[in-house]
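Participant: have a look; sequence and predicted model below, questions after that.
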Amino acid sequence: MERVKSGHERLDRLLGGGLPVNGINLIIGHPGSGKTILAEQYMFHNATADAPGVYLSTVSEPFDKILRYGEALAFFDEAAIGESIFYGDLGETVHREGLDGVLDHIDHLLKEQQPGLLVIDSFKALRPFAAEEAAFRRFLHELAGKLTAAATTAFWIGEYDRDQAANAPEFAVADAIIVLGVKKTAERELRVLQVLKLRGSGFQSGEHAYRISADGIDVFPRLADDFDTDDYELDDTRVSTGIPALDETLGDGYWPGAVTLISGPTGAGKTLMSLHFLIYGAEHGEPGVFATFQENQTQLARISAGFGWDINNNADVHVLSRSPVDLYVDEWVYDLLALVDQTNARRVVIDGLGDLMFASPDDVRFREMLYSLAQRFSRRGISLVLTHESSELFRVVRLSEVGMSHIADNVVMLQYLRIESEVKRALLVLKTRASAHHPEILEFCIRPEGIVLGEKFESDQRFD
């Protein structure tokens, strides 16, 4: 099937390669959701002098207003106006001649200009000009026939609710239906795109985040990979944690491509342990990415400098710092994947699962995303470390609220222990998949050179 591309690779992939050529595409959503911008994005990307794009306003907004706001978009090409792209107004026609006049107007355009794309905005606004339901259905049938005969790809834009899909005849005529909307979670608002219908093609189901910017609609398809049963090979050389004593406790380090969860209370050393892992890799030819929601590049460099590490001048250590405020998890994960590809990273740290979880619209989306990341990194032999702050300060009794231990190949728990009047840091390796490990509670200290593991706690030591 031939496809109409949007010019946005992720959106086209979400749509199974693009929208069907010569189809009728319905773009629906509430005011301000970006319907007009998306339609113009398609038009400017596809219109040519031989197959121009025609944008018709009806009785919602005059075409000069649509044109004026369109000029602020990066893809808007002023030189194309009047050459390959034409704007027009159906408002006067529908008021004076009704739907029959609209049909005649469009028929004339199709014959004279032979457009490759035709946009009608707002299509829903035409409905009140039908005397009865049968008359509107007849109008739809005749318009669809004219568009099909002219081999024109059409975009009908309307402020419909998705609930109208069961009754509105426009939904039955359309070959593709795209919904743009806003999903609210607590105080956060997330723009979401969903494909309700796409004839003759597969597409990615569910709700997908998007942003509106000067570049147009930027879509971030939800990361929800299917379970991959294909075999793949991984190097059997162990990956060092950067802490020799911890390597020994784990059974000579991590397997390449493994997922490691480090859990513990505030200040226990989770970030420092992750930096050991990343710095050691950089020193041994394995570039790494440190994704954080708490420290920016400057703050992280200051922390690292306290232990003798200069990450600002280390070409193999890359920081992805994002604020948890107004964080789109789907956008963030594509930024992470792009940075991993760009730097050829072999080690990745996500410091702060709690921030990532709270920024997610729901638990299912969060778990899908982490599972998919783990799958992708594992197949490429990229070792992933995740940190999570536990709520208990002493005597940790649960691993995390996020329930991700089943994804982790290795689980390292950090905690504080009170021995009479003294507080000590302790480490316990709870799990190492496909490897023997020593399940002993070990004391460790944070010194100028980083984390130093001590001896295991003796059974006769009294804990409070």
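Facilitator: It's in.
Participant: with only the CA atoms kept, save the lengthiest helix in the chain in CSV.
Facilitator: Counting by DSSP state H, the longest helix found in the chain is helix 91-113. Only the C-alpha atoms of helix 91-113 are listed here, as CSV (Å, rounded to 0.1, in the frame of the first residue of the first chain):
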residue,chain,number,x,y,z
GLY,A,91,-17.9,29.5,4.7
GLU,A,92,-19.7,31.8,2.3
THR,A,93,-20.5,28.9,0.0
VAL,A,94,-22.2,26.8,2.7
HIS,A,95,-24.1,29.8,4.1
ARG,A,96,-25.4,30.8,0.6
GLU,A,97,-25.8,27.5,-1.2
GLY,A,98,-25.8,24.8,1.5
LEU,A,99,-24.2,21.4,1.2
ASP,A,100,-25.0,21.1,-2.5
GLY,A,101,-23.0,24.3,-3.0
VAL,A,102,-20.1,22.8,-1.0
LEU,A,103,-20.1,19.7,-3.3
ASP,A,104,-20.1,21.8,-6.4
HIS,A,105,-17.2,24.0,-5.0
ILE,A,106,-15.1,21.0,-4.2
ASP,A,107,-15.9,19.3,-7.5
HIS,A,108,-14.7,22.4,-9.3
LEU,A,109,-11.4,22.4,-7.2
LEU,A,110,-10.8,18.7,-7.9
LYS,A,111,-11.2,19.2,-11.6
GLU,A,112,-9.3,22.5,-11.9
GLN,A,113,-6.4,22.0,-9.5
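Participant: quick one: mean pLDDT for it?
Facilitator: Helix 91-113 carries an average pLDDT of 91.
Participant: so what are the domain limits for the chain?
Facilitator: Split into domains by automatic domain parsing, the chain comes to 3-220, 244-456.
Participant: from the chain's centroid, how far away is the first one?
Facilitator: On the basis of CA atoms, centre = their mean, to the nearest Å, domain 3-220 is displaced by 24 Å from the centre of the chain it belongs to.
Participant: follow-up on the earlier one: any residues touching the next helix or strand after the longest helix of the chain, and which ones?
Facilitator: Sequence-wise, the next helix or strand downstream of helix 91-113 (DSSP states H and E) is strand 117-121. Strand 117-121 is touched from outside by 4, 35-36, 39-40, 42-43, 46-47, 51-58, 60-61, 66, 90, 106, 109-110, 126, 147, 152-157, with contacts defined as CB atoms under 8 Å, 6 or more residues apart in numbering. Where you see a C-beta, it was placed from the backbone N, CA and C, and this is true even at glycine.
Participant: ok, back up a step: in JSON lines, list the domains of the chain along with mean neighbour count.
Facilitator: Shown next, in JSON lines, are the domains of the chain (neighbours: other CB atoms under 10 Å):
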{"stretch": "domain 3-220", "mean neighbour count": "18"}
{"stretch": "domain 244-456", "mean neighbour count": "18"}
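Participant: to residue 226, which of those domains lies closest?
Facilitator: Smallest distance to residue 226 across those (CB to CB): 8.9 Å, for domain 244-456.
Participant: what is the end-to-end distance of that closest one?
Facilitator: 15 Å (CA to CA, to the nearest Å).
Participant: one more: stretch 193-202?
Facilitator: By CA to CA, the extent of stretch 193-202 from end to end equals 16 Å.
Participant: quick revisit: quick one: which of the contacts of strand 117-121 sit in helices?
Facilitator: Those of these lying in helices (DSSP H): 35, 36, 39, 40, 42, 43, 46, 66, 106, 109, 110, 147.
Participant: where is pLDDT lowest across the residues you listed?
Facilitator: Comparing pLDDT over these, residue 66 scores lowest. The value there is 70.
Participant: which residue packs closest to that one, ignoring adjacent ones?
Facilitator: Among residues not flanking residue 66 along the chain, residue 57 sits closest, at 5.8 Å (CB to CB, 6 or more residues apart in numbering).
Participant: just checking, residue 245 touches residue 450?
Facilitator: No: using CB atoms under 8 Å, residue 245 is not in contact with residue 450, being 11.4 Å away.
Participant: on that earlier part again, mind putting the domains of the chain in TSV, distance to residue 236 included?
Facilitator: Shown next, in TSV, are the domains of the chain (distance: least, CB to CB, whole Å):
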stretch	distance to residue 236
domain 3-220	34
domain 244-456	8
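Participant: going by mean pLDDT, which of these comes out lowest?
Facilitator: Least confidently modelled of the domains of the chain is domain 244-456, at a mean of 86 by mean pLDDT.
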